[in-house]
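Novice: Build me a structure from this.
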Amino acid sequence: MNLVSARFSRLFAVAALALGTLPAGAVTFGGLNVTPRGAQNLNLETGATEMPQGGTVTDPKGGLTMTAARLQLRPGEQLQAQGATVKTKFGGTLSASQINYDLKSGVVTASGNVNYSDARMKNVQAAQVTVHVRSGFVVARGGVRASSPALSGATLVFDPSTMQAVVSGPYNLSTRLGQTRGQAGDRLLLTFAGNVLTSVTGKPTANDLSRFSPYLK
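Specialist: Here you go, the predicted model:
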């Protein structure tokens, strides 16, 4: 590199920092691997970074990957995304207009045109879907609907580690096992073997529901 080019490169770097704009490229923020599609706008006072053209974020510890049309990151605190899709470590795919990842609590919250699918649950739609990254629990609230198994309910809580789910009423479930309806306050326990729904319990015991209780509030 000649002297003129070297001086230009140094001037560009200084100008980029002064303006709070960094060139695109893979970077690491607080344990997250971030690959922006375009330049990053950095707030030098707070450390917050905006990626107007979006990009890809990977959380190796949480086993989560996010792609989005637009991103805002406060390292160690919060990742916000618009037009985003999240892949979870249990094989789930969550897409929504707005997604917020609370990095301290390890909770992903999605709203607006929400859709969640995995090997057992297909096209789950709700007002809000929350993924608890550490435990793996997926919680859908508000006008919950799914295409497979065909169901509707007030709340759906799915535990991918045990392949069981609880639907709170009023609910309606229609499968090859038959049709089941419940009133407000009722609980329905679904159990899967592999990718297949194998049993439906309309009166689960307190022990059945114990691990779901924190997510049903």
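Novice: And the pLDDT at Ala39?
Specialist: Looking at Ala39, its pLDDT is 83.
Novice: Would you mind measuring from Gln183 to Arg211?
Specialist: 24 Å (C-beta to C-beta, to the nearest Å). Placement of C-beta: from N, CA and C, glycine included.
Novice: er, Phe90 I mean
Specialist: 16 Å.
Novice: how about the helices in this structure?
Specialist: With DSSP state H as the criterion, the chain has helices at 3-19, 206-209, 213-216.
Novice: Lowest average confidence across these, which one?
Specialist: Among those, helix 3-19 scores lowest, with a mean of 35.
Novice: who's more crowded, Gln183 and Arg211?
Specialist: Arg211 (16 against 8; other C-beta atoms under 10 Å).
Novice: Surely that one touches Asp159?
Specialist: Yes: counting by C-beta atoms under 8 Å, Asp159 is a contact partner of Arg211 at 6.7 Å.
Novice: mind listing what the closest residue to Gly38 other than its chain neighbours touches?
Specialist: Sequence neighbours aside, Gln53 is the residue nearest to Gly38 in space, at 3.5 Å (criterion: C-beta to C-beta, 6 or more residues apart in numbering). Gln53 is in contact with Pro36, Arg37, Gly38, Ala39, Ala69, Arg70, counting by C-beta atoms under 8 Å, 6 or more residues apart in numbering.
Novice: Give me the number of neighbouring residues for Thr58.
Specialist: 19.
Novice: Relative to Ala126, how far out is it?
Specialist: Separation of Thr58 from Ala126 (C-beta to C-beta) stands at 26 Å.
Novice: got it, and Val34?
Specialist: Using C-beta to C-beta, one obtains 28 Å as the distance from Val34 to Ala126.
Novice: Low-confidence bits of the protein, can you list those?
Specialist: 1-26 (pLDDT under 70).
Novice: Specify the beta-bridge partners of the nearest residue to Arg70 once chain neighbours are set aside.
Specialist: Using C-beta to C-beta, 6+ apart and skipping residues adjacent in sequence, the residue nearest Arg70 is Gln82, 4.3 Å away. On the basis of DSSP bridges, Gln82 is bridged to Arg70, Gln98.
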